[in-house]
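S.K.: Let's see this in three dimensions:
(2 chains, ligands or ions: 2)
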Amino acid sequence: MGENIFTGIAESLRAFLYGAGVPPLASELIVLIVKLLAVIIFVSLNVVWLVYMERKIAAYIQCRIGPNRVGPKGLLQTVADVVKLLAKEIIIPRRVDKVVYLAAPILVFVPPMLAFAVIPWGDGMAPIDLNIGVFYILAVGSLSTIIFWMGGWSSNNKYSLVGGMRVVAQMVSYELPLVLSLLGVIMLTGTLSITEIVNAQRGTWFIFAQPLAFLIYFIAGVSEVNRVPFDLVEGESEIIAGPYTEYSGMAYAMYMLAEYGNMMVISCMCTIMFLGGWLAPFGWTFLPSWFWFFIKVYLMIFIFMWIRWTYPRIRVDQLLGFGWKVLVPLSLANIFVTGVGMYIYRAIGW
Amino acid sequence: MFGQGLLKGLAITWKELFTRKVTVQYPEEKIPLPERYHGRFELDVDKCIACGLCANACPNKVIQITREKVGKKQYLTRYVMRIEYCMFCGFCVESCNKGALRFSHVINMNQYFRDKVRLVLVDRPVPEVLPEEEPAKAADGSPAETRGKTARAEVAAGKAPGKEG
Ligand code: SF4
Ligand code: SF4
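M.R.: Ligands and ions are numbered 1, 2, ... in the order given. Coordinates of the predicted model:
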């Protein structure tokens, strides 16, 4: 039921273009652009919703009600905030590096959007089905760091600079366990293609086969998107807002919204690599595959938020120590155990 | 076990997620104020003897009293509180021997303009004869009585301006 809505739309668009006599290459291009646009719109709407959801969850955890005045149940709160920020001046302090300063908030949405282009939103619903999808997402995901660093460096502000430095330090120490933890899954499946990895989970989800890898990936993921308890980058009690300190108006909002975009990327990756992607659990296929994907992503996002409103921020030395002394060795051990396990399985001829 | 505290924390926040919310949606819902709440002042004009004790007790010189001598008695013509300087300490209310000055439960004294903030509790003209000294004249419909009444009505209707209360 509803399974084929989106693929059906793509098919009918293709058929329509074919009927209109558009050359196949051009029609493929048009279909691709429509797909990517749909993803961009979907993600933007999600990001706006996530800001609201975050505030609601924060409020509920703190026994409050949260935004409930703008629109029904406060649903339009984020829209109102965005409109307000759009109307505000983007202040450019004297002696900032203007080009880089202004480019950073524009570019900040690019890495998550690039990553979303290869994410399969349902069965056969990846806008672009890359055969090295995992590799691509990892490569694109770490690009955000450079953009945060650009903002931090060009602001000509010591807090921004410290924040930017922290982004880089954090990225260097957590990107490693993030990638290493995925290696276990890649070893099991022997492929870098996202679609094949999801299909390999028809039997068991990899969260059961690789629980440690999931945990490491999740922790490193929280750190990658700079969220509590690893939000040293923008720890307001220490360095105001880190790289965003000097930004105002929509430039600031872009950073905030990009944070939620990045969070979605990590949640999507968790879902794809460990939670079986669009596959329905227990064979409950009465819901369409894209809906299952959506549910799982939102589950992950909820856990992100739940953690944010539970834990305090850790110190810089704890952050780096935890990354290098705990996560990296653990993920290496995980790879080792996975390799040995696979070898034994093969030896006894499973 | 390592990480037990983390799980405990998560359990607590999970529970809080579903507990009853304590927010009171102010303009729609209100928490009942305690009996002795220090809200806006109200003055029982008939009890006030214009002694000026309240004005003397006030550390901030908030209260300004104007009185006239009518016959043998003091007659209160104007009772203004520059409420913008008031800290609601309650000394004035305590000092009033006649129990004329009281706190009410009106709390929203906010105004759009600063000059409207001032609280005018009494503003009335001086009668020729005091109301309580004219029982004989009241029978033949002296205008003094009616005038006194209008003055009081005016006070009751609230010289206190604008959107309060
Ligand atoms: S409450 Fe205190 S400050 Fe206010 S009028 Fe009375 S004595 Fe003065
Ligand atoms: S102390 Fe009481 S009776 Fe005396 S002037 Fe003030 S309000 Fe009137």
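S.K.: Give me the secondary structure label for B:Arg67.
M.R.: Assigned with DSSP: H, G, I helix; E, B strand; the rest coil, B:Arg67 falls in the strand class.
S.K.: so how far is B:Gly52 from it?
M.R.: 8 Å (C-beta to C-beta, to the nearest Å). Using the backbone N, CA and C atoms, a C-beta is placed for each residue, glycine as well.
S.K.: Check A:Ile240 too.
M.R.: The gap separating A:Ile240 from B:Gly52 is 54 Å, by C-beta to C-beta.
S.K.: again with A:Glu54
M.R.: For A:Glu54, the distance to B:Gly52 (C-beta to C-beta) stands at 59 Å.
S.K.: Helices of chain B, start to end?
M.R.: Using DSSP state H, the helices of chain B run over B:4-18, B:53-57, B:91-95, B:135-139, B:143-158.
S.K.: where in chain B is pLDDT low?
M.R.: The model of chain B has pLDDT under 70 over residues B:1, B:130-165.
S.K.: So which residues on it come close to ligand 1?
M.R.: Applying C-beta under 6 Å from any ligand atom, we find that chain B lies next to ligand 1 at B:57-58, B:60, B:62-63, B:81, B:86-92.
S.K.: sorry, back to before: so which of A:Ile240 and B:Gly52 has more stuff around it?
M.R.: A side-by-side neighbour count of A:Ile240 and B:Gly52, using other C-beta atoms under 10 Å in any protein chain shown, places A:Ile240 first with 17 against 14.
S.K.: Please give me every residue in contact with the most centrally placed residue in chain B.
M.R.: Geometric centre of chain B, nearest residue: B:Phe41, 1.5 Å, by C-alpha atoms, centre = their mean. If a contact means C-beta atoms under 8 Å, 6 or more residues apart in numbering or on different chains, then B:Phe41 has B:Met81, B:Ile83, B:Cys92, B:Val93, B:Leu101, B:Arg102, B:Phe103, B:Ser104, B:Leu119, B:Leu121 as its contacts.
S.K.: Could you pull up the contacting residues of the third one?
M.R.: Pointing back at B:Cys92 there. B:Phe41, B:Cys54, B:Ala55, B:Ala57, B:Cys58, B:Val62, B:Ile63, B:Leu101.
S.K.: how much space is there between it and B:Leu119?
M.R.: 12 Å.
S.K.: Closest to A:Ile146 out of the contacts of B:Phe41?
M.R.: Of all those, A:Ile146 sits closest to B:Ile83, with 58.4 Å by C-beta to C-beta.
S.K.: Mind listing the residues bridging to the closest residue to the closest one other than its chain neighbours?
M.R.: Closest residue in space to B:Ile83, ignoring its immediate chain neighbours: B:Leu119 at 4.5 Å, by C-beta to C-beta, 6 or more residues apart in numbering or on different chains. Per DSSP bridges, the residues bridged to B:Leu119 are B:Met81.
S.K.: can you map out the helices along the stretch 1-150 of chain A?
M.R.: With helices called from DSSP state H, counting those that start in this stretch, the stretch 1-150 of chain A shows them at A:5-19, A:24-61, A:77-86, A:98-107, A:110-116, A:133-141, A:143-154.
S.K.: Tabulate these (TSV), appending mean neighbour count, distance to ligand 2 and mean pLDDT.
M.R.: Shown next, in TSV, are these (neighbours: other C-beta atoms under 10 Å in any protein chain shown; distance: least, C-beta to the nearest ligand atom, whole Å; pLDDT from 0 to 100):
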stretch	mean neighbour count	distance to ligand 2	mean pLDDT
helix A:5-19	14	76	79
helix A:24-61	16	46	87
helix A:77-86	16	48	88
helix A:98-107	17	62	87
helix A:110-116	21	68	87
helix A:133-141	20	73	87
helix A:143-154	22	63	87
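S.K.: so which of those gets nearest chain B?
M.R.: Across the helices of the stretch 1-150 of chain A, chain B has its closest neighbour in helix A:24-61 (4.9 Å, C-beta to the nearest C-beta).
S.K.: right, is that closest one up against chain B?
M.R.: Yes. Residues of helix A:24-61 contacting chain B under C-beta under 8 Å from any C-beta of the partner chain: A:Ile57, A:Ala59, A:Tyr60, A:Ile61.
S.K.: Any chance of JSON lines for the residues you listed, columns distance to A:Pro211?
M.R.: Output for these, formatted as JSON lines (distance: C-beta to C-beta, whole Å):
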{"residue": "A:Ile57", "distance to A:Pro211": "26"}
{"residue": "A:Ala59", "distance to A:Pro211": "32"}
{"residue": "A:Tyr60", "distance to A:Pro211": "29"}
{"residue": "A:Ile61", "distance to A:Pro211": "26"}
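S.K.: Am I right that A:Leu327 falls within a helix?
M.R.: Yes. Looking at A:Leu327 with three-state DSSP, it is inside a helix.
S.K.: how far away is it from ligand 2?
M.R.: To ligand 2, A:Leu327 is 73 Å away according to C-beta to the nearest ligand atom, to the nearest Å.
S.K.: show me the contacts for the residue lying closest to that residue once chain neighbours are set aside.
M.R.: Once flanking residues are discounted, A:Leu327 sits nearest to A:Pro177: 3.7 Å by C-beta to C-beta, 6+ apart. A:Pro177 makes contacts with A:Ile216, A:Tyr217, A:Ile219, A:Ala220, A:Gly323, A:Leu327, A:Val328, A:Leu330, A:Ser331, as judged by C-beta under 8 Å, 6+ apart.
S.K.: Distance from the chain centre to the one helix or strand A:Pro177 maps to, please.
M.R.: Using DSSP states H and E, A:Pro177 falls within helix A:158-189. Chain-centre distance of helix A:158-189: 13 Å, with C-alpha atoms, centre = their mean, to the nearest Å.
S.K.: Stretch A:254-274 now?
M.R.: 2 Å.
S.K.: Ok, stretch A:271-279 next?
M.R.: Distance, stretch centre to chain centre, for stretch A:271-279: 14 Å (C-alpha atoms, centre = their mean).
S.K.: And stretch A:290-299, by the same measure?
M.R.: From the chain centre to the centre of stretch A:290-299 is a distance of 14 Å (C-alpha atoms, centre = their mean).
S.K.: re earlier: show me which of the contacts of B:Cys92 is closest to A:Ser142.
M.R.: Among those, B:Val62 lies closest to A:Ser142 (C-beta to C-beta), at 64.8 Å.
S.K.: Please report phi then psi for the closest one.
M.R.: Dihedral angles of B:Val62 (phi, psi; degrees, to the nearest 10) stand at phi -80, psi -40.
S.K.: what's the burial count for the residue nearest to it when sequence neighbours are not counted?
M.R.: The shortest distance from B:Val62 to any non-neighbouring residue, by C-beta to C-beta, 6+ apart, is to B:Cys86 (4.7 Å). Neighbour count for B:Cys86, taken as other C-beta under 10 Å: 19.
S.K.: Hmm, B:Cys86 is touching B:Asn60, no?
M.R.: Yes. B:Cys86 is in contact with B:Asn60 according to C-beta atoms under 8 Å; the separation is 6.4 Å.
S.K.: list the residues that contact both of these two?
M.R.: By C-beta under 8 Å, 6+ apart, no residue touches both B:Cys86 and B:Asn60.
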